[in-house]
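[1] pasting the structure only:
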């Protein structure tokens with residue numbers, strides 16, 4: 001198991017002692033980080049800086065849907081990232097209008113775009129939009145596609161959705177388990193008074209860690225990303241906690 005951290009801004013490069021990192025970028029962000037075109041060019045520069053320091057990277061573009069009216073622009077961004085990528089790109093599962101599953105045309109477009117980008121670099125699909133439906137989604141958009149399409153299991157998102165993460169990992173079918181490449185981990189604390197409730201520092205004995213232990217027992221070679229702010233103390237503490245596993 002290899003443990004990495006999340007980079008949001010250039011100053012995060014080298015902030016933690018890890019051999020790989022996830023570079024997160026947003027289409028739109030109003031909380032003090034680069035977004036849009038500046039975010040894309042900055043993410044590419046961050047990857048170059050990481051490479052010069054021997055840090056491997058995976059991109060995680062957020063709010064860049066692969067279906068719907070923004071899909072064409074999203075794919076253009078993905079192709080730019082693919083040309084500069086190392087370990088690949090992590091994208092989200094998606095839904096259709098009014099919270100429904102992707103329609104026939106939407107599903108076809110999502111699958112076509114994933115296949116298109118995965119011909120340029122590895123693509124990994126994360127549970128985010130609807131973790132309760134993620135098994136079906138992965139069966140539809142991962143299993144039939146080439147091995148360059150994999151799964152990112154976000155344990156924190158399972159807990160946010162009210163899913164028992166250790167039980168989910170225990171029962172994950174082997175055909176899906178075989179395609180898991182990355183893991184996102186962060187603690188869901190519904191009592192948190194600030195920030196996002198499911199992106200809180202890990203705690204000893206929390207269910208997210210128990211789920212990761214179970215997953216590690218079932219599969220080797222995982223790349224685990226602590227999805228917290230690299231500049232905050234909780235990141236360091238969470239990395240240390242995982243390092244003692």
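    Ah, there it is. A quick note: this is a predicted structure, and the numbers were derived from the prediction, not measured.

[2] ok, the residue nearest to residue 26 when sequence neighbours are not counted - how many residues close by?
    Closest residue in space to residue 26, ignoring its immediate chain neighbours: residue 35 at 4.6 Å, by C-beta to C-beta, 6 or more residues apart in numbering. The C-beta positions use only the backbone N, C-alpha and C, and glycine is treated the same way. Summarising burial for residue 35: neighbours were counted as other C-beta atoms under 10 Å, giving 17.

[3] Repeat that for the one 4 residues further on.
    Residues within reach of residue 39, counting by other C-beta under 10 Å, total 22.

[4] Can I take it that it is in a helix?
    Yes: if the criterion is DSSP: H, G, I helix; E, B strand; the rest coil, then residue 39 is within a helix.

[5] so it makes contact with residue 23?
    No: using C-beta atoms under 8 Å, residue 39 is not in contact with residue 23, being 10.0 Å away.

[6] about what we covered before: show the backbone phi and psi for the residue nearest to residue 26.
    Taking degrees, to the nearest 10, you get phi -140, psi -180 for the backbone angles of residue 35.

[7] Contacts only, for it.
    25-29 (C-beta atoms under 8 Å, 6 or more residues apart in numbering).

[8] Repeat the analysis, applying 6 Å as the threshold.
    26, 28-29 (C-beta atoms under 6 Å, 6 or more residues apart in numbering).

[9] Rebuild these as a markdown table, extending it with pLDDT.
    Listed next are those as a markdown table, based on pLDDT from 0 to 100:
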| residue | pLDDT |
| --- | --- |
| 26 | 97 |
| 28 | 95 |
| 29 | 91 |
